[in-house]
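[1] sequence plus the predicted model coming up.
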Amino acid sequence: MSPTTVTPKTTTKTKTKVKLQRPPLYKVILLNDDYTPREFVVSVLKAVFRMGEETASRVMLTAHQKGACVIAVYTRDVAETKAKEATELGKAKGYPLFFTTEKEE
């Protein structure tokens, strides 16, 4: 008699789990200047960052006193878009108002 080899009809499948990573976040920072009127800064914060009157005033005063203030934290594209939009509103009125972004660590 000859030996017979038996081959199983099943196969092993390996499952790979994909681990999603959150995108890095960026801070939008308001830089203080001595020329842009406070009321205008508050109006920009309300318009671009959807802040209420009190919050916008507090943020403006913090930037005025400390030289800079973090406005909000967003994904990179949103942060850069909002910073650019707010800076351009100042330029349109002839003010040196400036917002920048920085990666959050």
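    Happy to help now that I have it. Residues are numbered from 1 along each chain as shown.
[2] which residues in this protein form helices?
    Taking DSSP state H to define them, one finds helices in the chain at 38-49, 53-66, 76-92.
[3] for stretch 9-29, give me every contacting residue.
    For stretch 9-29, contacts defined as C-beta atoms under 8 Å, 6 or more residues apart in numbering pick out 49, 68-76, 79-80, 82-83, 86, 99-104. (C-beta placed from N, C-alpha, C; glycine too.)
[4] if we go to 10 Å?
    For stretch 9-29, contacts defined as C-beta atoms under 10 Å, 6 or more residues apart in numbering pick out 48-49, 63, 68-83, 86, 98-105.
[5] how about low-confidence regions in this protein?
    The chain contains residues with pLDDT under 70 at 1-3, 6-8.
[6] and residue 84, how many neighbours does it have?
    The tally of other residues near residue 84 (other C-beta atoms under 10 Å) stands at 14.
[7] residues touching it, list them.
    By C-beta under 10 Å, 6+ apart, residue 84 lies in contact with 48, 99, 100, 101.
[8] mind redoing it with 8 Å?
    Residue 84 makes contact with residue 99, according to C-beta under 8 Å, 6+ apart.
[9] and residue 74, by the same measure?
    The contact partners of residue 74, by C-beta under 8 Å, 6+ apart, come to 25, 26, 28, 82.
[10] drop anything exposed from those residues.
    Buried members of the contacts of residue 74, scored by 16 or more other C-beta atoms under 10 Å, are 26, 28, 82.
[11] tell me which of those is nearest to residue 44?
    Nearest to residue 44, judged by C-beta to C-beta, of those is residue 82 at 10.4 Å.
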